[in-house]
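1. Predicted structure and sequence below. I'll ask about it afterward.
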Amino acid sequence: MKSAKTDLLSQRFAEAEAKLATEKLLKTVRTMVVTSTAYSSTVDQCDSTPCIAADGFNVCANGQENVVAANFLKFGTKIKIPELYGDKVFTVHDRMHPRFNNRVDLWKLSRERAIQYGKRTIKIEILG
């Protein structure tokens, strides 16, 4: 008989494999050149709940730098930034100030990492 811990581990592994398989099926439907910046979960960059993205996703609990904020894409939209991150897939979970229409903001684990990223012009691939 398997322990609950082993079953949970097997379940998480299966979930991760399914997610990876789904992401590999996604194809580029549009390519855009946009301005990109980065942010971290601090009250002065966000609001009083800095870990909670606009769609309710907890970026701190997720703990992975795979979240972006973008006003021109729907929540849940998947994108790639091949020139910087290869095949890594990012998901839109957050929004920016309304004045930023053609910009993506990448979530980073720390303020230092966000500052290090800076402001760049990048090519993104929107997946579908």
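-> Happy to help now that I have it.
2. Spit out the contact partners of the residue positioned nearest the centre of the chain.
-> The centre of the chain sits closest to Val67, judged by Cα atoms, centre = their mean, with a distance of 1.5 Å. Val67 is in contact with Ala53, Phe57, Val59, Phe90, Thr91, Val92, His93, Asp94, Leu106, Trp107, counting by Cβ atoms under 8 Å, 6 or more residues apart in numbering. Where you see a C-beta, it was placed from the backbone N, CA and C, and this is true even at glycine.
3. In TSV: those, plus neighbour count, pLDDT and secondary structure.
-> Compiled in TSV, these are given as follows (neighbours: other Cβ atoms under 10 Å; pLDDT from 0 to 100; DSSP: H, G, I helix; E, B strand; the rest coil):
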residue	neighbour count	pLDDT	secondary structure
Ala53	24	96	coil
Phe57	18	97	coil
Val59	24	96	helix
Phe90	22	98	strand
Thr91	20	98	strand
Val92	24	98	strand
His93	23	98	strand
Asp94	22	97	strand
Leu106	24	98	strand
Trp107	25	97	strand
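4. from those residues, which is closest to Thr77?
-> Ranked by distance to Thr77 (Cβ to Cβ), the contacts of Val67 are led by Val92 at 4.5 Å.
5. The closest one contacts Ala69, correct?
-> Yes - counting by Cβ atoms under 8 Å, Ala69 is a contact partner of Val92 at 7.2 Å.
6. From Ala69, how far off is His93?
-> To Ala69, His93 is 8 Å away according to Cβ to Cβ, to the nearest Å.
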